[in-house]
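> here is the input, now give the coordinates:
(one chain, ligands or ions: 2)
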Amino acid sequence: MNFLEWYRVDRLPSIFCAGCGIGTVINCTLSAVTSMGWRRNDVVFLSGIGCSSRAPGYIRTDSLHTTHGRALAFATGVKLAEPRLNVILFTGDGDLAAIGGNHFIHACRRNIDLTVVCVNNYIYGMTGGQGSPTTPVGARSSTTPYGSTETPFDLSELAMAAGANYVSRWTPYHTKELTAAVKAGLETPGLSFIEVMTQCPTGYGRANRLRDVKEFMEIFRMRSMLKQKADRLLKEGKPVPPDAIVIGEFVRRSRPVMGRRG
Ligand SMILES: Cc1ncc(C[n+]2csc(CCOP(=O)(O)OP(=O)(O)O)c2C)c(N)n1
Ligand code: SF4
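Ligands and ions are numbered 1, 2, ... in the order given. I've put the predicted structure just below:
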């Protein structure tokens, strides 16, 4: 199947705001799926609720748009019932790490054979830009109008610590690397977690004077730092800038897997 055949073009235009990064994440994911040579019947997409969780609705395969935070529970059922399927989830930072936080750590601990693509846009986009578990300290949102004071989760570190076999983080600026990362995740048995730090010009941008997508892209370009460089700095006793976005492949390993592909 070619790339365009994966799209439900009849569903376009999408619900996404102009300049939203979710479209880029879908494109990169579908490019990776296309390069795997799979057919429609080989793949199931799942999601919870949120802007990012609308993604499977634009993809022409069987898919489940489930309840907020619970996509991993549904995905576990799909995978255990039909292990030959390649199961891919789209999720947001709120869906995955707030209401769905418990499912996330236990799916990583079990190392279930799923690929999770997380659109981390630092807020709840769909419901009006509320703060999420990844809102940076000092960032404004509709529930943190004077700046967040809470320490955010590092979702990739969390996935690694909980046991996922493959973890990497990129941004919509890094389309080639993101596509390669999703492909690597699809190829790696066990739980693969791909985190994409993504622009939400509406929910996050409006509250933080970042309405201009070009500016967002410039931030992704300028502040991204490869993990190898961040590790080198730490080894030399030098600080990693607090606003750095550490990107790259964080882990690829072979812990025992639940729900191996048949
Ligand atoms: C049980 C339940 N609680 C709350 C909601 C309301 N709700 C819908 S989407 C959402 C947050 C979405 O944020 P995120 O997962 O980060 O996705 P985004 O919209 O930013 O892509 C919330 C709280 C809901 N639909 N169901
Ligand atoms: S609110 Fe944000 S995440 Fe949702 S579609 Fe608009 S830009 Fe994208």
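> check contacts around the closest residue to Met36 other than its chain neighbours.
Nearest non-adjacent residue to Met36, counting by CB to CB, 6 or more residues apart in numbering: Leu186, 5.7 Å away. For every residue, glycine as well, the C-beta is placed using N, CA and C. With contact set as CB atoms under 8 Å, 6 or more residues apart in numbering, Leu186 has these partners: 32-33, 36, 86, 88, 115, 192.
> again with Ala181
Shown in contact with Ala181 (CB under 8 Å, 6+ apart): 168, 170, 194, 249.
> pop out the phi and psi values for the first one.
Summarising the backbone geometry of Ser168 under the convention degrees, to the nearest 10, its torsions are phi -150, psi 160.
> is it correct that it is in contact with Ser156?
Yes: the criterion here is CB atoms under 8 Å, and Ser168 meets it with Ser156 at 7.4 Å.
> what is in contact with the two at once?
193, 195, 250.
> in a markdown table: the contacts of Leu186, plus neighbour count.
A markdown table is the format used below for the contacts of Leu186 (neighbours: other CB atoms under 10 Å):
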| residue | neighbour count |
| --- | --- |
| Ala32 | 23 |
| Val33 | 25 |
| Met36 | 13 |
| Asn86 | 18 |
| Ile88 | 29 |
| Thr115 | 27 |
| Ser192 | 26 |
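> which of these lies closest to Met160?
Ser192 (11.8 Å; CB to CB).
> tell me the pLDDT of that closest one.
Ser192 carries a pLDDT value of 98.
> got it, and Gly94?
Gly94 carries a pLDDT score of 98 in this model.
> and what of Gly259?
Per-residue pLDDT puts Gly259 at 85.
> which one of the contacts of Ala181 sits closest to Asp95?
Nearest to Asp95 among those: Ile194, at 14.9 Å, using CB to CB.
> a strand runs through that closest one, doesn't it?
Yes: Ile194 forms part of a strand when assessed by DSSP: H, G, I helix; E, B strand; the rest coil.
> distance check, it against ligand 1.
15 Å (CB to the nearest ligand atom, to the nearest Å).
> Glu195 against Ser168, yeah?
Yes: with contact defined as CB under 8 Å, Glu195 reaches Ser168; the gap is 7.4 Å.
> who touches both of the two?
By CB under 8 Å, 6+ apart, the residues touching both Glu195 and Ser168 are Ser156.
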